[in-house]
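# Next one to model:
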Amino acid sequence: MSQRRRVARAAFSATAATACLALATPAWASATIGLKSSHLGKKAGYFTQQCDDERFANLPDDHDGWHFVLPGKNSGSFETLTLTFSDGTNDVTMNIPDGADAYPDFFYSTGGKDPRQIHAYLFTPAGWKLVDGSATISGTGDDFNVSHTCKGTVPKPTPTPTPTPTPSVSESPEPSESPSASESPEPSESPSASESPSASESPTPSDSASPTASPSGGTGGGSDLPLTGVAVTGMALTGVALVGGGVALMTLRRRRDRITFTG
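Next up, the predicted model:
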């Protein structure tokens, strides 16, 4: 009889332990929820800006600060988050917590008697778009969401200098033959000095110059040679007259010398 009681007690204890485990199991289980659908495909500038959040104190100027929150009393705490962003070309997936990647992140607890880890922070390069997200939580819930952000400044792209093509070494052109010195033109014969007109013989001075008869103008276009016959004749007659006058004067003087004056 005592043995049966011991077996019954053991069975009852096992049943009670199993029941307790069954009731405690939901509290130990984890759930996976997604990011609020209206927050998908948005950049940091879409959300409420709260750059004075003290947990953004070390946020670089060229980075966006993201604050995610887990709502609901029964949601428990964040255990892990998986977030996917687009940098405009590629999708980048990162986890919280993860101290090995280039994107700073951390959880923040509510504190108090029953602290819950319902805040998550992440810094990404400015301008990235939140594409997708999921979270593993210790309780139950429907989704988590973005609480607020701090938009950074997207750096201006540095223009890539266009490489200057290296000019191919062109074969140097064969030196052109220097033009042969042009033969200097034979010096033109200097025009022979025009024979200076012979000085016109000055006419023999005479006491009275007889006017030279001007030749009558010809009707032709050319000038006729001067007629010298008249001038020679005049000169001859003048000479004869002078000679005759001299003879007459000498004759008169001789006569005068012959005359004897009486007192």
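# ok, Thr110 to Met235 distance?
158 Å (CB to CB, to the nearest Å). Using the backbone N, CA and C atoms, a C-beta is placed for each residue, glycine as well.
# higher neighbour count, the two?
Counted by other CB atoms under 10 Å, Thr110 and Met235 do not tie: Met235 has more neighbours, with 14 against 11.
# Check which helix or strand that one maps to.
If you go by DSSP states H and E, Met235 is part of helix 229-258.
# Now that helix: buried residues?
234, 238 (16 or more other CB atoms under 10 Å).
# Surely His67 forms part of a strand?
Yes: the assignment for His67 (DSSP: H, G, I helix; E, B strand; the rest coil) places it in a strand.
# Any idea what it is bridged to?
Beta-bridge pairing for His67 (DSSP bridges): Tyr121, His148.
# tell me the contacts of it?
Contacts for His67 (CB atoms under 8 Å, 6 or more residues apart in numbering) come out as 50, 53, 55, 119-121, 146-149.
# do Ser86 as well
Ser86 sits next to 92, 128-129, 131 when contact means CB under 8 Å, 6+ apart.
# Between the contacts of His67, which sits nearest Lys73?
His119 (15.4 Å; CB to CB).
# Quick check: which ranges of the chain have low pLDDT?
Residue ranges of the chain with pLDDT under 70: 1-28, 167-233, 257-263.
# the strands in it, which residues?
Secondary structure of the chain (DSSP state E): strands located at 31-35, 42-43, 63-69, 78-86, 91-96, 105-108, 119-125, 129-137, 143-150.
# out of these, which comes closest to Met250?
strand 119-125 (149.7 Å).
# Quick one: residues contacting the residue nearest to Phe106 when sequence neighbours are not counted.
Closest residue to Phe106 apart from its sequence neighbours, by CB to CB, 6 or more residues apart in numbering: Tyr121 at 5.5 Å. Counting by CB under 8 Å, 6+ apart, Tyr121 makes contact with 55-56, 65-68, 104-108.
# All good on my end, thank you.
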